[in-house]
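Chemist: Provide a 3D model corresponding to the input given below.
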Amino acid sequence: MRKSLSLLAVAAGAVATLGLAGPAAVAQDAGDVQAQDVNCSTGISESDDLEGYAFCDNNTAGPVEFRVNLVCGWAADVSSEWVRLDPGAGAQAVAACPSLSTGIGEISAEHRPV
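Modeler: Numbers count the residues shown, from 1 in each chain. Predicted coordinates for the structure are as follows:
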């Protein structure tokens, strides 16, 4: 029993040393990643309920591209053109569902490094 406990303690120490400490380490890293990431907010236009947008800020050290994706009811889904963001910049992407659709069911922003 003592050997099992001491092996468990050694294994736990190795995991902590390697940075694999579990949820506590992940939560700390998530804060660091969020500060160095692309942050986007999405919504539906106030003037046209078939138009959706994504506004993104690039908080990374390199350029990225982003676009907005709309799931349109009873019509094909649509995406905006890719919008380039340099580090520290912000911009908006807009797309619209076809007029025969039943409206926007979901809005998401997608980004990728350039």
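Chemist: burial measure for Val114, as a count.
Modeler: Using other Cβ atoms under 10 Å as the criterion, Val114 is surrounded by 11 other residues. C-beta coordinates here come from the backbone N, C-alpha and C atoms, glycine included.
Chemist: Give me the nearest residue to it, chain neighbours excluded.
Modeler: Nearest-residue entry for Val114: Pro63, 4.3 Å, with adjacent residues in sequence omitted and distances by Cβ to Cβ, 6 or more residues apart in numbering.
Chemist: ok, what's across the strand from the spatially closest residue to Pro113 that is not a sequence neighbour?
Modeler: Distances taken as Cβ to Cβ, 6+ apart place Val64 nearest to Pro113, at 5.6 Å, with adjacent residues excluded. As for beta bridges, Val64 partners with Leu85, Pro113 under DSSP bridges.
Chemist: shouldn't the residue nearest to Val114 be in contact with Arg112?
Modeler: No. Pro63 is beyond contact range of Arg112, at 10.4 Å (criterion: Cβ atoms under 8 Å).
Chemist: These two: who's more crowded?
Modeler: Higher neighbour count among Pro63 and Arg112: Pro63, with 13 against 10, using other Cβ under 10 Å.
Chemist: Noted, bye for now.
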